[in-house]
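1. turn this into a structure:
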Amino acid sequence: MFLDMGDRVVKFYSRYNYMRDSIAREGFKNKLSVMEIQDRRRGIPWGTDPIYYQWYNKKKTEVSTVFLHNGYTYEEPMTMPEWILHEDTMTVLGYVCKRATTHYRGRDWEVYYTSDIPLSRGPWKLWGLPGLIVHATDADGYFLFEMTNFERIPESVVRPILYIHRKEGSKGDYKGAEYKKVSKKTYIQYEKAYHEDVNAFREFEFGHKVFTPDGSPLPITKTDYIPLEK
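-> Now for the predicted structure:
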């Protein structure tokens, strides 16, 4: 995962997925075959969705993902966790960090932040401390975010943070599908349904079934899924 930080927005995302999608979009634009595109993407691992945007100037969070080549996005107010500060310290990549804890979005989080990087930012939706959050884990032990590298981009070469999903009504994805703006509740329902049975999700969302060559219904395709928010 990568955390791009600008003056107004922070973007938390899988750069691998961005690389794969960029190759696919360019390939379809140049009328390459699926096999040619797959060959160009060989060696680039699959990343994870979704993409999180924290708009500090607008005080809102945008979350977007793609299910079966269709994009979905929702917005919510950017709410700061209620942090409890502690005196414990640890060192991450040479940075001395202090500990903080919070109960946020249904989970108990323990994080370490460093005032040596005076940015009130962090992975996922975690923010609001007097320094960058460089280590974060939940009490259940399902999630761990830890900084493995930090780089300041010189102003002479700095580039805007890419807003790669499209607003409702404009064309997104390389197949031309529009991103569908939904409520957070609907988004969570879609995400759960997609992971519990992708074939049932396809029938529900697109209105068509897919069968095996002998005409039998496809077996239930379930993937392990632990949401960040309870």
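
2. in stretch 80-89, what's buried?
-> Using 16 or more other Cβ atoms under 10 Å as the burial criterion, the residues of stretch 80-89 that qualify are 81, 83. Any C-beta I mention is one placed from the backbone N, CA and C, and that applies to glycine too.

3. equivalent analysis for stretch 96-110, please.
-> For stretch 96-110, a neighbour-count test (16+ other Cβ under 10 Å) marks 97, 98, 99, 100, 101, 102, 104, 105, 107, 109 as buried.

4. report the mean per-residue pLDDT for it.
-> For stretch 96-110, mean pLDDT rounds to 98.

5. and the strands in this structure?
-> In the chain, the strands defined using DSSP state E lie at 2-5, 9-13, 51-55, 60-67, 70-77, 84-92, 95-104, 107-114, 132-138, 144-146, 180-181.

6. return the residues in contact with residue 10.
-> Each residue near residue 10 by Cβ atoms under 8 Å, 6 or more residues apart in numbering is listed here: 3, 4, 53, 54, 56, 121, 127, 161.

7. how close does the fourth one get to residue 205?
-> Looking back up the chat, that one is residue 54. According to Cβ to Cβ, to the nearest Å, residue 54 stands 28 Å off from residue 205.

8. more neighbours: these two, which one.
-> Between residue 54 and residue 205, residue 54 has the larger neighbour count (other Cβ atoms under 10 Å), namely 23 against 16.

9. and the more buried one, what does it touch?
-> Contact partners of residue 54, counting by Cβ under 8 Å, 6+ apart, are 9, 10, 11, 12, 61, 78, 121, 125, 127.
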